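Enquirer: Sequence and computational prediction follow.
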Amino acid sequence: MLLDIKNLDLFIGRTHILRHISLAIPEGEIVCLLGRNGAGKSSIIKSILGLYPAQTGRIHFKGQDLSRASTRERVLAGIGYSPDDARVFTELTVEENLKLATWVTGKTSSQTVFSFDKIKSIFPALNKFFHRKGMHLSGGEKKMVSISRALALNPSLVLLDEAFEGLAPLVVSHFIKALQQVREMGITILLGESNVHIASQLTDRAYIIERGEVYFEGNPKEILEKEELIKLVGK
């Protein structure tokens, strides 16, 4: 199992955010965390990355216990991350945004296995604005850059939080094809998503998260067949 989470509990202040979360993510799959806004999807992703230190539970990645590891250690272990708000640096060009990951870790782009040519093959549109500053990018272009930056260090697992939010239907179809290509390159994807219809087109398996707990695990197409599950997701 590439990522194995057991009984994760997260408190922020006195608020119990995540309750006994257990997830198993096999290598090579696209797995989705489905749920409404505020259900706990982002908190799970941030706990995996170490941005939210969990109070109890264990996170094993490639057989290594990362439960108390720093965020930098988790990234160097092979976990990439694209946040829901993209967080593209507006004063930097697209190229500089992508190189930023290598600067932070102390590696040069020549030391990374995942080349910019591979990134451009996933998102060919990058070629059109590779030297454009972040302030001049559209919302979809920023998400493209954010996902590409997560791939820059050739992670084994990439965490994508609401990658499709706010995208036009045509752009969504391009992103689905891009993520399928990422999987074909041997990179596992954990996706936080609120749209079950998108999840059913892309993912191998889904967890429904409701009020910080795992409510369902199975094929996302099963959710579309059960009204009570659709209501939980909301879309």
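Expert: That came through fine.
Enquirer: In the protein, which helix is the longest?
Expert: helix 169-184 (DSSP state H).
Enquirer: Provide the contact partners of it at residue level.
Expert: For helix 169-184, the external contacting residues (C-beta atoms under 8 Å, 6 or more residues apart in numbering) are 28-30, 121-123, 125, 140, 143-144, 147, 151, 158, 160, 163-164, 167, 189, 191, 198, 201-202. Placement of C-beta: from N, CA and C, glycine included.
Enquirer: now for whichever helix or strand comes after it, which elements pack on it?
Expert: Downstream of helix 169-184, the next assigned helix or strand under DSSP states H and E is strand 188-193. Judged by 3 or more C-beta pairs under 8 Å, 6 or more residues apart in numbering; DSSP states H and E, the packing partners of strand 188-193 are strand 30-34, helix 41-49, strand 157-161, helix 169-184, helix 196-202.
Enquirer: most packed of those?
Expert: Stretch with highest mean neighbour count among the helices and strands packed on strand 188-193: strand 30-34 (a mean of 26; mean count of other C-beta atoms under 10 Å).
Enquirer: how far out from the middle of the chain is it?
Expert: How far strand 30-34 lies from its chain's middle: 9 Å, per C-alpha atoms, centre = their mean, to the nearest Å.
Enquirer: Report the mean per-residue pLDDT for it.
Expert: Per-residue pLDDT over strand 30-34 has a mean of 97.
Enquirer: Kindly calculate the angle that it makes with strand 157-161.
Expert: Angle, strand 30-34 to strand 157-161, by axes from the mean of the first three to the mean of the last three C-alpha atoms, to 10 degrees: 30 degrees.
Enquirer: Give the pairing partners of strand 30-34; include direction for each.
Expert: Its sheet considered, strand 30-34 pairs with strand 188-193 (parallel), strand 205-210 (parallel) by DSSP bridges.
Enquirer: for these, which one ends up most surrounded?
Expert: By mean neighbour count, with neighbours taken as mean count of other C-beta under 10 Å, strand 188-193 ranks first of the strands paired with strand 30-34 at a mean of 25.
Enquirer: Only alpha carbons, please: show that strand as PDB.
Expert: What follows is strand 188-193, C-alpha atoms only, in PDB (Å, rounded to 0.1, in the frame of the first residue of the first chain):
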ATOM      1  CA  THR A 188      -0.800   8.000  -7.700                       C
ATOM      2  CA  ILE A 189      -3.400  10.700  -7.200                       C
ATOM      3  CA  LEU A 190      -5.500  11.500  -4.200                       C
ATOM      4  CA  LEU A 191      -8.200  14.000  -5.200                       C
ATOM      5  CA  GLY A 192     -10.400  16.100  -2.900                       C
ATOM      6  CA  GLU A 193     -13.600  16.800  -4.900                       C
END
